[in-house]
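for reference, the sequence and a predicted model appear below.
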Amino acid sequence: MKGAIAAGHTLTAEAGARVLAGGGNAFDACIAAAFVSWVAESPLTGPGAGGFLLAHRHSADAHGPRDELLDFFVEVPGRGLRPDDVREMERLEVAFDADTTQVFLIGAAACAVPGTVAGLAEAHRRYGTIPWAELLAPAIEVARSGLEVTETQAFFHTILDGVLRWGPDGRRIYGERAPLGPGDRIVFADLAGTLEQLAADGAASFYRGNLAERICAYVLELGGRITGDDLAAYRVVRRRPVRVPYRGHELVSNPPPSAGGVLIAFVLRVLDRLGPLRPSGSAAAVATVAEAMREASRVRGGSFSRELPRGGLAGRLLADERIDEAAERVGRAAREGIREHTGAPSTTHISVVDADGNAASLSASTGCGSGIVVPGTGIHLNNMLGETDLNPDDGRVRPGRRLSSMMAPSVLVVGGRPRLVLGSAGSIRLRAAILQIVLNVVDHGFTVADAIAAPRIHLDGDVLHLEGGVDPGVADTLEERGYDVVRWGEPNLYFGGAAAVGLGGDGTFEAAGDPRRGGAGVVVR
């Protein structure tokens, strides 16, 4: 089938493209690509991850609506355990450069119940047309034969080396000594065996069978909290996406209890009220976007986090009165005017569209990883309980609670057809990346590749980061208006790692991965 796919690694994108070329739909391609990403992008994702799939189908049917969100993010574990059964999380200090370090919370106590295996199985059950085992075959082949580390992947290995090689099985995979560098080869024999078991037995073996037993036994032995009851109780949650109109388009994205999609929707509604952002890249346009980002940060304060799991937050946040008030503040601040380093990579994204108008937007993450690799399986578990922005209560909540996330797999729709399918890595900065790609396509008429490659901005508190490529004159003007500007000399992964595909009104496809992270896009004709 004709279509397009974009992802964080060439092997990931190529696997999905082959499925499209063989007659599979966008969802088949996305599932196959996701399995390959477990191998090709192993520092970022895997069977121990959690994530989301936003599905846009060409038509509704008995299986469900045209648009739905499959939430397979991680859950708080601990069913049947007492609090004193759990050890403290391990603290690992990671140096990003000579001046900057960050403490990661890892180890068995940081592991939440993973959902990616269940999510891909549910996506296949609901939308797939190619046999399950065939979709796992490309990943098994790559895991068995191995792959060479790219320059971008080498950067990930350097930053996350202390996590990846924290335990004995991690060292067995990634080596006993220095971090892997460009051109080094990795073979994932144990992970290949796990993939083969999933191909033969389905997802049930991960949550109730032999794999589940091995995961629980190892995590509990090391003082973690994942029990057999936690895995057996895990379910994918179907959610109604958040939707927001923007200049004749409609953005469909990840709803609460996740935060990213509704915050992007909020900013788009505010900008829609303020009119077109022209000229592209001008100081006025940059200031308006920055102030809209500031307004989104404002709404994240107060009771926002507590309200996320409850119903009705999106409706209240996107109500006309609230948008009018925010737009007035943004417009006034942009008219009147008034250093953070590269963060650890932790997410991967896959975007797919096919000729029938199906679109799949999938984001998944292991956080920075826990360092816990279950012996003999190649399963590296997430550290989401140690991600304080996702779990500010340090896991002291009831088992079974679904954690929030900033991930925002999205589809931009025009006339019922997908115009743009996109998502990004980048922690709290991923929503700024997604927002600016949408603005570049809708407001400025950029191609998908140009929209992703264009220089980005990010507002961090009162500091406005301008990526390399922003006009120095614009930076000067913003400083004159009172902004505390940090000028980056070149493009950087700090500003996100996106993947997007586009479908034009004439049926032409576009696909682009983010050059900041060595991403790739493939069009199948």
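Noted; the coordinates are in hand. Numbering: from 1, shown residues only.

hey, let's count contacts and neighbours off CA atoms from now on
Noted.

contacting residues for residue 169?
373-376, 378 (Cα atoms under 8 Å, 6 or more residues apart in numbering).

could I get the buried residue list for the helix or strand encompassing it?
Assigning secondary structure by DSSP states H and E places residue 169 in helix 168-174. Buried residues in helix 168-174, counted by 16 or more other Cα atoms under 10 Å: 168-171, 173-174.

now, which of those sits nearest residue 161?
The closest of the buried residues of helix 168-174 to residue 161 turns out to be residue 174 (Cα to Cα; 8.7 Å).

give me the pLDDT value at that closest one.
pLDDT for residue 174: 94.

verify the stated contact: it with residue 185.
No - Residue 174 is beyond contact range of residue 185, at 9.4 Å (criterion: Cα atoms under 8 Å).

ends of stretch 352-359, what's the gap?
6 Å (Cα to Cα, to the nearest Å).

ok, now stretch 169-185?
17 Å.

stretch 503-518: which residues count as buried?
503, 509-518.

any chance of JSON lines for those residues, columns pLDDT, secondary structure and distance to residue 416?
Formatted as JSON lines, the buried residues of stretch 503-518 follow (pLDDT from 0 to 100; DSSP: H, G, I helix; E, B strand; the rest coil; distance: Cα to Cα, whole Å):
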{"residue": "503", "pLDDT": "97", "secondary structure": "strand", "distance to residue 416": "12"}
{"residue": "509", "pLDDT": "98", "secondary structure": "strand", "distance to residue 416": "17"}
{"residue": "510", "pLDDT": "98", "secondary structure": "strand", "distance to residue 416": "18"}
{"residue": "511", "pLDDT": "98", "secondary structure": "strand", "distance to residue 416": "20"}
{"residue": "512", "pLDDT": "98", "secondary structure": "strand", "distance to residue 416": "23"}
{"residue": "513", "pLDDT": "97", "secondary structure": "strand", "distance to residue 416": "25"}
{"residue": "514", "pLDDT": "97", "secondary structure": "coil", "distance to residue 416": "27"}
{"residue": "515", "pLDDT": "96", "secondary structure": "helix", "distance to residue 416": "30"}
{"residue": "516", "pLDDT": "94", "secondary structure": "helix", "distance to residue 416": "31"}
{"residue": "517", "pLDDT": "92", "secondary structure": "helix", "distance to residue 416": "31"}
{"residue": "518", "pLDDT": "93", "secondary structure": "coil", "distance to residue 416": "32"}
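
hmm, who's touching stretch 114-128?
25, 27-28, 31, 46-53, 63, 70-75, 132, 202-203, 206, 234-236, 364, 381-382.

ok, 6 Å please
28, 47-50, 72-74 (Cα atoms under 6 Å, 6 or more residues apart in numbering).

just give me how far the helix holding residue 169 sits from the chain centre.
How far helix 168-174 lies from its chain's middle: 25 Å, per Cα atoms, centre = their mean, to the nearest Å.

follow the chain on from that helix and name the next helix or strand.
strand 185-186.

what is the helix or strand just after that next one packed up against?
Using DSSP H and E, the helix or strand that directly follows strand 185-186 along the chain is helix 189-201. Helix 189-201 sits against helix 132-145, with contacts defined as 3 or more Cα pairs under 6 Å, 6 or more residues apart in numbering; DSSP states H and E.

contacting residues around the helix it packs on?
Counting by Cα under 6 Å, 6+ apart, helix 132-145 makes contact with 32, 35-36, 187-189, 192, 199, all of which sit outside it.

need the contacts of stretch 114-128 in CSV (columns: neighbour count).
Output for those, formatted as CSV (neighbours: other Cα atoms under 10 Å):
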residue, neighbour count
28, 27
47, 27
48, 28
49, 30
50, 31
72, 26
73, 31
74, 30
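
mind checking which of the residues you listed land in helices?
residue 28 (DSSP state H).

the residue nearest to residue 412 when sequence neighbours are not counted and residue 317, how far apart?
Leaving aside its chain neighbours, residue 412 sits nearest to residue 251 (4.5 Å; criterion: Cα to Cα, 6 or more residues apart in numbering). For residue 251, the distance to residue 317 equals 16 Å [Cα to Cα].

closest one of the buried residues of stretch 503-518 to residue 164?
Of the buried residues of stretch 503-518, the one sitting nearest to residue 164 (Cα to Cα) turns out to be residue 517, at 18.9 Å.

dump the residue contacts of that closest one.
152, 497.

roughly how far does it sit from residue 433?
Where residue 433 is concerned, residue 517 sits at a distance of 13 Å (Cα to Cα).

ok, the contacts of stretch 114-128 vs residue 408, which is closest?
residue 73 (12.0 Å).

how near is the closest one to residue 253?
Relative to residue 253, and taking Cα to Cα, residue 73 is found at 15 Å.

now do residue 74
Residue 74 is 19 Å from residue 253, by Cα to Cα.

now do the SS call for residue 489.
What DSSP: H, G, I helix; E, B strand; the rest coil gives for residue 489 is coil.

pretty sure it contacts residue 466?
No - if you go by Cα atoms under 6 Å, residue 489 and residue 466 don't touch, sitting 9.0 Å apart.

looking at these two, which one has more neighbours?
More crowded of residue 489 and residue 466, by other Cα atoms under 10 Å: residue 466, with 25 against 11.

dihedrals phi and psi, that one?
In terms of degrees, to the nearest 10, the main-chain angles of residue 466 are phi -120, psi 120.

surely it and residue 487 touch.
Yes - at 5.1 Å, residue 466 counts as touching residue 487 under the criterion of Cα under 6 Å.

can you list the residues that contact the host helix or strand of residue 270?
Under the criterion of DSSP H and E, residue 270 resides in helix 260-274. Under the criterion Cα under 6 Å, 6+ apart, residues 244, 246, 253-255, 292, 318, 323, 327, 406-408 lie in contact with helix 260-274.

turn those into JSON lines, columns for secondary structure.
Formatted as JSON lines, the contacts of helix 260-274 follow (three-state DSSP):
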{"residue": "244", "secondary structure": "strand"}
{"residue": "246", "secondary structure": "strand"}
{"residue": "253", "secondary structure": "strand"}
{"residue": "254", "secondary structure": "coil"}
{"residue": "255", "secondary structure": "coil"}
{"residue": "292", "secondary structure": "helix"}
{"residue": "318", "secondary structure": "coil"}
{"residue": "323", "secondary structure": "helix"}
{"residue": "327", "secondary structure": "helix"}
{"residue": "406", "secondary structure": "coil"}
{"residue": "407", "secondary structure": "coil"}
{"residue": "408", "secondary structure": "coil"}
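
low-confidence bits of the stretch 151-300 of the chain, can you list those?
The model of the stretch 151-300 of the chain has no residue with pLDDT under 70.

the helix or strand containing residue 52: how far from the chain's middle?
For residue 52, the element it lies in under DSSP H and E is strand 50-56. Mean-position distance between strand 50-56 and its chain equals 10 Å (Cα atoms, centre = their mean).
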